[in-house]
Each structure stands twice: as structure tokens, then as C-alpha cells.
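Undergrad: The amino acid sequence is not available; the structure is as follows:
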């Protein structure tokens, strides 16, 4: 019996208008609400602080944010260029770490706890409610060649606004409670603003 426990509930609300040559545009919107709990950090491979892994408490999972919104769009523009964009927004994902709980024997027992970092990012309107933000744009031009061959040129701009999506944390362990904040000099998820150009053939 492995004893690993994971419980998750997700609600997905989505709408889509497929791109067609006739309309010249397409879009999709997807919102996901997630609540998840487990008794082992998704990044953890070992469990040596209890006799059995099922003895570990069940805490909020660090596997997914509570709220996530993805909006995409495509448009057939001038000169036969197809433009596309994607917006991804998410609230902070919980983090898991250990907190030492004093025992009657005097031994401090490492106990897993969860904490949600304070959001550090805003988007367009409102305050700082996001832990992840990204806006990506692309433009593609296709050139017909003899037969069934096509040549295409594509430009992508990843993370247009150069958002910092931090992935490392500062921990404060006090009064029996774990607290966390983003380490704003640490690593980030994804990349800084990036421009990519691509030319290729389809045949």
C-alpha cells in the first residue's frame, strides 16, 4: 500500500469560435477553477519523517493555481498575414514546505504545510491578484509554391510585456504557521520577452 493521497476537483468553463477562411477570425476562452489536496509534495520523491506515508497530513496541493484563464484569438489580416495572440493569467499556486512541530517528547517533528504567496502582478485593471501573466503574439505569412509546396514565414513574440513570473520563494515559519512570498531575485517560469523568427516549407 503506497499511501499517497491526492484529491482534486476542477470546473472548466470554455467557449470557442473556430477560425474559418470565410469569417477570417477565431477565438477561444477557457477558465479553470481548481481545488486540490495531497499528502506529498508533487516534487518530492521521499518520505522518511513518518513510519507510513499515510500518516502525513493532507494539505493544499502545489500542483495547480486556484484560478486560471486562457484567451486566444486569430485574425486574417492584411497582405495575407494571419495574426494570433494568447493571454494566460493565473492566481498564485500554493507552495509546500516543512514546519517543525514541537512534540511532548521534546522532539521537533517536521510536518508538511501549505502556503499561498501574495500575488505580485496585475493586468490592465485592478490590483495585484496574479501569480502568472503572459501575453504572446504571432504573425504568419504563407507563400504558395509550385505543386503542393508552401513556404511560410512566422514571427513570435513571447511574453510581450516582459512579465516576471517568479518560481522561487521566501519562507517564514512562525507561530506554527508557514508563510511564503515570491523571491523577486530568483528564477522565473518561462522566459523574459523573446522574439523568434522562423522560415520553413510544407510539402
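TA: Good, I have the coordinates. As the structure is a prediction and not an experimental result, all values here were calculated from the model.

Undergrad: Run through the strands of the chain in chain order.
TA: 6-17, 25-38, 59-60, 67-76, 81-90, 95-102, 108-115, 121-123, 125-130, 132-144, 150-158, 169-174, 177-182, 194-202 (DSSP state E).

Undergrad: Output those strands in CSV, with mean neighbour count and distance to residue 50 appended to each entry.
TA: Glycine gets a C-beta too; all of them are placed from N, C-alpha and C. Listed next are the strands of the chain as CSV, based on neighbours: other CB atoms under 10 Å; distance: least, CB to CB, whole Å:
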stretch, mean neighbour count, distance to residue 50
strand 6-17, 11, 17
strand 25-38, 16, 15
strand 59-60, 18, 14
strand 67-76, 17, 32
strand 81-90, 18, 32
strand 95-102, 16, 12
strand 108-115, 17, 9
strand 121-123, 16, 37
strand 125-130, 12, 36
strand 132-144, 16, 33
strand 150-158, 15, 43
strand 169-174, 13, 19
strand 177-182, 17, 18
strand 194-202, 10, 44
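
Undergrad: which stretch among these comes nearest residue 47?
TA: strand 108-115 (9.4 Å; CB to CB).

Undergrad: and the angle from the closest one to strand 25-38?
TA: 160 degrees (axes from the mean of the first three to the mean of the last three CA atoms, to 10 degrees).

Undergrad: other SSEs contacting strand 108-115?
TA: strand 59-60, strand 95-102, strand 177-182 (3 or more CB pairs under 8 Å, 6 or more residues apart in numbering; DSSP states H and E).

Undergrad: Give the partner strands of it in its sheet and their orientations.
TA: Strand pairing for strand 108-115, using DSSP bridges, gives strand 95-102 (antiparallel).

Undergrad: What average pLDDT does the partner strand get?
TA: What strand 95-102 shows for mean pLDDT is 86.

Undergrad: which residues touch it?
TA: 41, 44, 59-62, 108-117, 169, 171, 173, 176-178, 180 (CB atoms under 8 Å, 6 or more residues apart in numbering).

Undergrad: Mind doing that once more with 6 Å?
TA: 41, 62, 108-115, 169, 171, 173, 178, 180 (CB atoms under 6 Å, 6 or more residues apart in numbering).

Undergrad: quick one, what contacts the spatially closest residue to residue 61 that is not a sequence neighbour?
TA: Leaving out its chain neighbours, the residue that sits closest to residue 61 by CB to CB, 6 or more residues apart in numbering is residue 36, at 3.8 Å. Applying CB under 6 Å, 6+ apart, we find residue 36 in contact with 8, 61, 63-64.

Undergrad: can you check residue 104 too?
TA: Residue 104 neighbours (CB under 6 Å, 6+ apart): none.

Undergrad: same deal with the one 4 residues further on?
TA: Residues near residue 108 by CB under 6 Å, 6+ apart: 100, 102.
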